[in-house]
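Chemist: Below is the sequence, then the predicted model.
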Amino acid sequence: MIFATARTASPFDLTGTTVLVTGARRGLGRAIALEFATAGADVAIGLRDVRDDAGLAAEIAALGSRALPLQLDVTDLEGARAAIDEAAREFGRLDALVNNAGGGIMADAIDVTEQEFDRVWELNTKSTYFLSQHAAKHMRDAGGGAIINVASQAGLVALPGESAYCVAKAAVVHLTRCHAVEWGGYGIRVNALAPTFIETDGTQAALSDPAFRADTVERIAALHRIGVPREVSGAAVFLASPAASLITGQTLAIDGGWTVR
């Protein structure tokens, strides 16, 4: 379990702990992996192609932490479970899991096919449920841990043209509550992050449209700007740290005020 060992210790210091981040090659996953390494954690990096980490392992090593690249496609549950086992075996423990991998489609609800819906559900919700379940077994046996699910503001509000994604992420928000309640007795905390649009390679195409960008900035009702990856990665480290030791079952909206209007 991740707890501060002394009052003088920084509640954000994760030295000696380990984390597995899915979808770590780029975007938010990459930023989260690097943020954990900066905080002192050793990082298992989940990759759809373990041969291509785009230099992430080297960056983690340069920060003084160990990096463990893993073949991990979250839609292949058998392989994902094996990757979790490998992380726990190689590091000797698994203190935190960040379920970051996900994605959606742009389609009006009247046109979404069953196959498209199933794919979005499998990628975002089913994977989060069952990877959390398997990681929780390791954490239970070790006395506790932290699971951070990357949901989305799409799980809190309706976004036209993204209904399948909204439904999947709303389910992630609620499974976060369910897992938190069931696993709290094992010392496992489960929380979620719900980011707005963040400047990443994954959002670049949409945000490069001036009209779309202007509308998005307007809808980010309080701060009126697009977020950057570190505004999400820092929150992930917070939720895994001793500073959040009494926080579980919560979804933290990192949305600049979008969902409060």
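Modeler: In hand now; what should we look at? Residues are numbered from 1 along each chain as shown.

Chemist: A44 belongs to a strand, doesn't it?
Modeler: Yes - the assignment for A44 by DSSP: H, G, I helix; E, B strand; the rest coil puts it in a strand.

Chemist: Which residue lies closest in space to I45, excluding its sequence neighbours?
Modeler: For I45, the nearest residue in space outside its immediate sequence neighbours is A24; the separation is 4.0 Å by C-beta to C-beta, 6 or more residues apart in numbering. To be clear about C-beta, it is placed using only N, CA and C from the backbone, and glycine gets the same treatment.

Chemist: ranges for the helices of the stretch 101-250 of the chain?
Modeler: When assigned using DSSP state H, counting those that start in this stretch, the helices of the stretch 101-250 of the chain occupy the ranges 114-121, 127-142, 163-183, 204-207, 210-219, 230-240.

Chemist: State the number of residues packed around A62.
Modeler: Counted by other C-beta atoms under 10 Å, the residues lying close to A62 total 12.

Chemist: Any chance you could give me the worst-scoring helix or strand of the chain on mean pLDDT in CSV, C-alpha atoms only?
Modeler: For the chain, using mean pLDDT, DSSP states H and E, the weakest element among its helices and strands is helix 204-207, scoring a mean of 80. Backbone C-alpha positions of helix 204-207 (Å, rounded to 0.1, in the frame of the first residue of the first chain) are rendered in CSV as follows:
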residue,chain,number,x,y,z
GLN,A,204,-4.2,17.3,-33.2
ALA,A,205,-6.4,16.7,-36.3
ALA,A,206,-9.6,17.8,-34.7
LEU,A,207,-8.0,20.8,-32.9
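
Chemist: hmm, who's touching that helix?
Modeler: Around helix 204-207, the neighbours that count as contacts under C-beta atoms under 8 Å, 6 or more residues apart in numbering are F197, E199, F212, R213, T216, I226.

Chemist: Selection in ChimeraX covering whichever of these are buried, please.
Modeler: Typed into ChimeraX, the line below selects the buried ones among the contacts of helix 204-207, using 16 or more other C-beta atoms under 10 Å:
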select :197,216,226
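
Chemist: Now compare the contacts of helix 204-207 and name the two farthest from each other.
Modeler: Farthest pair in the contacts of helix 204-207 (C-beta to C-beta) is E199 and F212. Separation: 13.5 Å.

Chemist: what's the overlap in contacts for the two?
Modeler: Residues within reach of E199 and of F212 at once, by C-beta under 8 Å, 6+ apart: there are none.

Chemist: Going along the chain, name the strands of the chain.
Modeler: If DSSP state E is used as the criterion, the strands of the chain fall at 18-21, 42-47, 67-71, 96-99, 145-150, 188-195, 251-254.

Chemist: Export those as TSV, with columns for mean pLDDT.
Modeler: Formatted as TSV, the strands of the chain follow (pLDDT from 0 to 100):
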stretch	mean pLDDT
strand 18-21	98
strand 42-47	98
strand 67-71	98
strand 96-99	98
strand 145-150	98
strand 188-195	98
strand 251-254	97
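
Chemist: Nearest to E231, out of those strands?
Modeler: Of all those, it is strand 251-254 that lies closest to E231, at 6.1 Å by C-beta to C-beta.

Chemist: Pull up the pairing partners for that closest one, direction included.
Modeler: Applying DSSP bridges, strand 251-254 is found paired with strand 188-195 (parallel).

Chemist: Next, the buried residues of the strand it pairs with.
Modeler: Along strand 188-195, the positions that meet the burial threshold by neighbour count (16+ other C-beta under 10 Å) are I188, R189, V190, N191, A192, L193, A194, P195.
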